[in-house]
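Visitor: sharing a sequence plus its predicted fold:
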Amino acid sequence: QVTLKESGPGILQPSQTLSLTCTFSGFSLSTYGLGVGWIRQPSGKGLEWLANIWWDDDKYFNPSLKVRLTISKDTSNNQAFLKITNVDTADTATYYCVRMNYGGSADYWGQGVMVTVSS
Amino acid sequence: DIQVTQSPASLSASLGETVTIECRASEDIYSNLAWYQQKPGNSPQLLIYDANDLADGVPSRFSGSGSDTQYSLKINSLQSEDVASYFCQQYNNFPFTFGSGTKLEIK
């Protein structure tokens, strides 16, 4: 059974760095063709793809945020990480961690973690 | 970036009806398209991948079709549990991009 769960700070102030952790089970990020992605959704709005990391450590970032994003993984502990630097109120959203299959669709989603940026 | 235009933004239909949601990509995405269902208060769930392949556990009343730049999701025999928002997503090119969503309600 594949599960993913996001964790994060809940609330942070503008200009701080947002650190998110995805802890997953039921698959390994060393398996050929698999990846973990991060997607966010402001309340009541649509979905935005942020970044993903693949089994071979290949990484892709949304160009609109690339300079602010870092993605990494800890294969041994079944975790993936996303950092967003210099946050502002526009980064307030629910952040989802997803498993990606080789094709690129997100076949499993975490429950999401709400992040609020406020002074 | 590939733009994905989804329509309609909202849809109201009766139980048992058939509904269709469409997505148009700004360039050929070679069937690299997925559909997701997001019920109120929940995470999105994969319905369809590769334009027309049903994800595990998804009822057969859901189907996807299309090619090139035009894709559609059809829901046959609408059930009350289908009340949700539906999103398409292209994964032909990064950054992967989503349609703006369709909110489906029951009349």
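Guide: Noted; the coordinates are in hand.

Visitor: now do the SS call for the closest residue to residue B:52 other than its chain neighbours.
Guide: Spatial nearest neighbour of residue B:52, excluding adjacent residues (C-beta to C-beta, 6 or more residues apart in numbering or on different chains): residue B:64 at 4.5 Å. In short, each C-beta sits where N, CA and C put it, glycine included. When classified by DSSP: H, G, I helix; E, B strand; the rest coil, residue B:64 comes out as strand.

Visitor: next, the contact list for residue B:64, please.
Guide: By C-beta atoms under 8 Å, 6 or more residues apart in numbering or on different chains, the contact set of residue B:64 is B:33, B:35, B:47, B:48, B:51, B:52, B:53, B:54, B:71, B:72, B:73, B:74.

Visitor: the residue most central in space within chain A bridge partners, please.
Guide: Nearest to the geometric centre of chain A sits residue A:38, at 2.8 Å (C-alpha atoms, centre = their mean). Under the criterion DSSP bridges, residue A:38 forms beta bridges with residue A:51, residue A:97.

Visitor: ok, it touching residue A:96?
Guide: Yes: counting by C-beta atoms under 8 Å, residue A:96 is a contact partner of residue A:38 at 7.1 Å.

Visitor: what about residue A:88, how many neighbours?
Guide: Using other C-beta atoms under 10 Å in any protein chain shown, residue A:88 is surrounded by 12 other residues.

Visitor: I'd assumed residue A:117 was in contact with it.
Guide: Yes: under the criterion of C-beta under 8 Å, residue A:88 makes contact with residue A:117 at 6.0 Å.

Visitor: what residues do the two have in common as contacts?
Guide: residue A:14.

Visitor: residues from chain B in reach of chain A?
Guide: B:1, B:32, B:34, B:36, B:43-46, B:49-50, B:55, B:87, B:89, B:91-92, B:94-101 (C-beta under 8 Å from any C-beta of the partner chain).

Visitor: of these, buried ones?
Guide: B:32, B:34, B:36, B:43-46, B:49, B:55, B:87, B:89, B:91-92, B:94-101 (16 or more other C-beta atoms under 10 Å in any protein chain shown).
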